[in-house]
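J.: Have a look at this fold, sequence not included:
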């Protein structure tokens, strides 16, 4: 069975189980479902609201879970079964990692499995769903384009269709990405900038973005897109360039690593602090009318600038040698080369320059970033030095 047939089979399967879902209404909800057309958010915050987070074990999911728990939410998270217990970012939310905590419950499921999504939604009955799960690494998406499309793109279809099938009046947040803009046609980029994705990941996110808008306009669902520009933290995955830089520098100082290998140092990105961005996600779902928003700092920096900020923060004196693929950074105290260029990390289609305009979010949501790039680098560098068990040089 090819990929197209697989997709058709998945979507037909959803249709076949709708009668079964209808029979569960009385069992699980005990009342007729209200209209799915979005309603004003009138629930008192003293009442326990319920949220479901896909991708809860990731950087954004863990910060969002913390934030919602402080708001008094009962938080449900979707987790995939894996041979390793990948819950390091959220284990502090448990007294015992083998058991659920009060107001915090995890459910096994997968965006590739429609039945598991329907089961979890039926159990959790969330007031809000935050779809943060994805194959989220741009570089890896070139190696696994079909999988990226299935999880990042079609996975959003499965989740939206499950919500529509059950009939819950749930507010839905879709994690969109600045990678939608790709080879940006204008600078800075805002909600009206045309998309020009340059990777399988960006293309899958574009599909999910438009599908979310389609469900909002076709079925009256409260469904929004948050187009978030790069946002980093000590919880960022170790194969993302910012975390790779800070962790490698810490490991070099600890004597566990000889050299850091990077690709395009001239790529420019708008980097913010992830902990601040999750509050913006929540703000989008508290609005009276659903809409899409860009979250960004409005400041761009190259990978080179981030690298040099991190080296300076770690108090490593350096000098640059060579040009192009032969460029390197040398520790002037030891004479050792600690950073080299490796063409392996060049992408088939590069995105050279992204910087966001979040003026709409500032005016309508009251959201704005607070942490500067040097402050963000300091936060990440300090955390990775502590993790490596070393002091600044």
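T.: Okay, I see it. Quick caveat: nothing in here was measured; it's all calculated off a predicted structure.

J.: all contacts plus neighbour counts: C-alpha atoms, from now on.
T.: Will do.

J.: I'd guessed residue 127 sits against residue 173; true?
T.: No. Using CA atoms under 8 Å, residue 127 is not in contact with residue 173; the gap is 11.3 Å.

J.: Between those two, point out the one with more neighbours.
T.: Applying other CA atoms under 10 Å to residue 127 and residue 173 shows that residue 173 carries more neighbours, namely 24 against 19.

J.: So that one belongs to a strand, correct?
T.: Yes. Under DSSP: H, G, I helix; E, B strand; the rest coil, residue 173 sits within a strand.

J.: Was I right to think it contacts residue 221?
T.: No. Judged on CA under 8 Å, residue 173 makes no contact with residue 221 at a distance of 10.9 Å.

J.: Give me the below-cutoff pLDDT ranges for the stretch 251-393 of the chain.
T.: Nowhere does the stretch 251-393 of the chain drop to pLDDT under 70.

J.: Would you state the strands of it in chain order?
T.: 260-262, 268-269, 272-273, 293-295, 301-302, 318-321, 328-331, 337-341 (DSSP state E, counting those that start in this stretch).

J.: Quick one: closest of the ones you listed to residue 161.
T.: Between residue 161 and the strands of the stretch 251-393 of the chain, the tightest spacing by CA to CA is seen for strand 293-295, at 22.7 Å.

J.: Show me what that closest one is packed against.
T.: Contacts defined by 3 or more CA pairs under 8 Å, 6 or more residues apart in numbering; DSSP states H and E place strand 293-295 against strand 223-228, helix 274-284, helix 359-364.

J.: Buried deepest among the ones you listed, which one?
T.: Of the helices and strands packed on strand 293-295, the one with the most neighbours on average (mean count of other CA atoms under 10 Å) is strand 223-228, at a mean of 26.

J.: Give the pairing partners of that strand; include direction for each.
T.: Strand pairing for strand 223-228, determined by DSSP bridges: strand 171-177 (parallel), strand 293-295 (parallel).

J.: what's downstream of it, the next helix or strand?
T.: strand 231-232 (DSSP states H and E).

J.: Residue 169 should be in a strand, yeah?
T.: No. Residue 169: not assigned to a strand; according to three-state DSSP it is coil.

J.: what's the burial count for it?
T.: Per other CA under 10 Å, the neighbour tally for residue 169 reads 22.

J.: Then the one 10 residues further on?
T.: Per other CA under 10 Å, the neighbour tally for residue 179 reads 25.

J.: now swap in residue 370 and tell me
T.: Residue 370: 11 neighbours (other CA under 10 Å).

J.: can you check residue 335 too?
T.: Summarising burial for residue 335: neighbours were counted as other CA under 10 Å, giving 11.

J.: Also the one 3 residues further on?
T.: Neighbour count of residue 338, defined by other CA under 10 Å: 19.

J.: distance of the nearest residue to it once chain neighbours are set aside from residue 333?
T.: In space, and not counting its chain neighbours, residue 338 is closest to residue 259: 4.4 Å by CA to CA, 6 or more residues apart in numbering. Distance, residue 259 to residue 333, using CA to CA, to the nearest Å: 15 Å.

J.: the more surrounded of these two?
T.: Between residue 259 and residue 333, counted using other CA under 10 Å, the more crowded position is residue 259 (17 against 9).

J.: Any stretches of the stretch 51-200 of the chain with poor pLDDT?
T.: Low-confidence segments of the stretch 51-200 of the chain, defined by pLDDT under 70: 82-85, 95-101.

J.: In the longest helix along the chain, which residues are buried?
T.: Looking across the chain with DSSP state H, the single longest helix is helix 200-219. Across helix 200-219, burial judged by 16 or more other CA atoms under 10 Å covers 200-209, 211-213, 215-216.

J.: shouldn't residue 302 be in contact with residue 263?
T.: No. With contact defined as CA under 8 Å, residue 302 does not count as touching residue 263 (11.9 Å).

J.: all strands of the stretch 1-150 of the chain, in order?
T.: Using DSSP E, counting those that start in this stretch, strands in the stretch 1-150 of the chain cover 50-54, 74-79, 104-108, 128-131.

J.: helices or strands next to the last one in the packing?
T.: Meaning strand 128-131. Checking 3+ CA pairs under 8 Å, 6+ apart, strand 128-131 ends up next to strand 50-54, strand 171-177.
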